[in-house]
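> turn this into a model:
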Amino acid sequence: MNRFCLLGLALSICANAIPSAFAGTPNTTAAGAVSYEVNQGWVTHAIDEAAQDRWFVFREVGGRSYCIEAGVGVATYVPLDPNLTLYSDGAGTTQLAANSDGTSEPGMNKGARICYASTQSLTTSSPAPSTLRSFRVNVPIAGGSGDSGFVRVRVVETTLVSGQVGSGSNNWEYRLYNLGTTNVTASFYVPTTGKSSDVTLLPERRGSGNISALFSGGFSNSRPVYIMHNGAPGTVVGTLAKTDANGSTLSEMDVFPR
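Got it, this is the predicted structure:
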């Protein structure tokens with residue numbers, strides 16, 4: 001027997017000797033959810049009539065915003081249309097949001113998108129808390145059709161962050177642009193101060209206002225400002241401006257994706 005046959009025999013024996021416990025659990029249920037690391041990019045999973053659900057779990061940090069997106073894989077040759085459901089826990093028991101039509105921009109033909117700001121309670125403590133969230137992507141396939149394909153998903157953090165700001169004798173103003181075609185809800189998180197009230201950014205316009213006025217009692221510590229919103233990645237851009245008592249701009253700094 002040559003060495004190639006021996007190698008093949010050894011591999012076959014090893015494969016059969018692997019206990020089933022190490023074979024892994026398909027992520028077709030919440031119990032088998034795959035751990036997804038935020039911003040790791042698109043991941044692709046096969047789907048068919050027997051496996052129409054794929055489950056994932058990721059860690060959400062308070063004071064941040066996220067966008068979950070799903071679409072059919074490029075090697076899918078039937079008109080499949082995925083939908084998404086986000087749950088408030090890692091076990092997939094309490095629904096937070098759902099989407100089946102890829103609302104907001106960039107436009108989707110066959111896809112789904114959930115964009116949201118963290119709902120975790122934010123107090124004056126720092127750093128912000130974190131928790132596990134699970135989501136399910138479902139691709140309906142007609143029984144007996146024999147259809148199959150691929151679905152791809154990703155989780156993108158959409159939080160914007162500024163340099164260090166403070167209150168004192170000067171005001172800080174937000175100047176944010178909504179580049180999308182629908183309203184965007186935004187809010188601000190300042191470490192050791194907490195979360196602000198919400199502001200609405202109208203489509204294709206600039207929204208502005210005093211940041212301190214959005215916090216009961218304002219904020220007095222010099223900290224970065226985190227901007228959360230429910231728009232898609234790249235929808236919200238802008239600056240924070242330091243102004244004097246007359247409203248004149250003293251300095252201005254860009255806000256960047258975190």
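> in the stretch 151-258 of the chain, where is pLDDT below threshold?
Residues of the stretch 151-258 of the chain meeting the criterion pLDDT under 70: 167-170, 220.
> try it again at 80.
Applying pLDDT under 80 to the stretch 151-258 of the chain flags the ranges 166-170, 217-222.
> how about the strands in it?
In the stretch 151-258 of the chain, the strands defined using DSSP state E, counting those that start in this stretch lie at 160-165, 171-178, 184-190, 194-195, 199-201, 205-210, 223-229, 236-243, 249-254, 256-257.
> which one of those strands lies closest to residue 152?
Residue 152 lies closest, by Cβ to Cβ, to one member of these: strand 256-257, at 21.4 Å. Every C-beta, even on glycine, is put in place using the N, C-alpha and C of the backbone.
> to residue 64, which of the strands of the stretch 151-258 of the chain lies closest?
Residue 64 sits nearest to strand 223-229 of all the strands of the stretch 151-258 of the chain, at 6.4 Å, using Cβ to Cβ.
> that closest one vs strand 171-178, what angle?
Here strand 223-229 points in a direction 30 degrees away from that of strand 171-178 (axes from the mean of the first three to the mean of the last three Cα atoms, to 10 degrees).
> got the buried residues for strand 223-229?
Residues of strand 223-229 classed as buried by neighbour count (16 or more other Cβ atoms under 10 Å): 223, 225-229.
> one step back: save the strands of the stretch 151-258 of the chain as JSON lines, and put in distance to residue 73 too.
Below are those laid out as JSON lines (distance: least, Cβ to Cβ, whole Å):
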{"stretch": "strand 160-165", "distance to residue 73": "30"}
{"stretch": "strand 171-178", "distance to residue 73": "31"}
{"stretch": "strand 184-190", "distance to residue 73": "29"}
{"stretch": "strand 194-195", "distance to residue 73": "37"}
{"stretch": "strand 199-201", "distance to residue 73": "33"}
{"stretch": "strand 205-210", "distance to residue 73": "36"}
{"stretch": "strand 223-229", "distance to residue 73": "29"}
{"stretch": "strand 236-243", "distance to residue 73": "29"}
{"stretch": "strand 249-254", "distance to residue 73": "36"}
{"stretch": "strand 256-257", "distance to residue 73": "26"}
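> for residue 101, which of those strands is the nearest?
Once the strands of the stretch 151-258 of the chain are compared by Cβ to Cβ, strand 184-190 is nearest, at 17.7 Å.
> follow-up on the earlier one: name the nearest of the buried residues of strand 223-229 relative to residue 211.
Using Cβ to Cβ, these come closest to residue 211 at residue 225, 6.8 Å.
> contact partners for the closest one?
161-162, 165, 172, 188-190, 211, 240, 255 (Cβ atoms under 8 Å, 6 or more residues apart in numbering).
> list only buried entries from these.
Taking 16+ other Cβ under 10 Å as the criterion, what is buried in the contacts of residue 225 is 162, 165, 172, 188-190, 211, 240, 255.
> buried residues in stretch 226-245?
226-233, 235-243.
> residue 28: which of the buried ones among the contacts of residue 225 is nearest?
Set against residue 28, the nearest of those by Cβ to Cβ is residue 189 (35.9 Å).
> check contacts around that closest one.
Residues near residue 189 by Cβ under 8 Å, 6+ apart: 62-63, 122, 128, 195-196, 225-228.
> how about a cut-off of 6 Å?
By Cβ atoms under 6 Å, 6 or more residues apart in numbering, residue 189 lies in contact with 63, 122, 195, 226.
> does the second one count as helix, strand or coil?
To tie it back to what came earlier, the one meant is residue 122. coil (DSSP: H, G, I helix; E, B strand; the rest coil).
> now the residue nearest the centre of the chain: how far from residue 244?
The residue lying closest to the centre of the chain (Cα atoms, centre = their mean) is residue 66, at 2.6 Å. For residue 66, the distance to residue 244 equals 36 Å [Cβ to Cβ, to the nearest Å].
> just residue 227 next, same as before
23 Å.
> can you give me the helices in this protein?
Along the chain, the stretches classed as helices by DSSP state H are 3-17.
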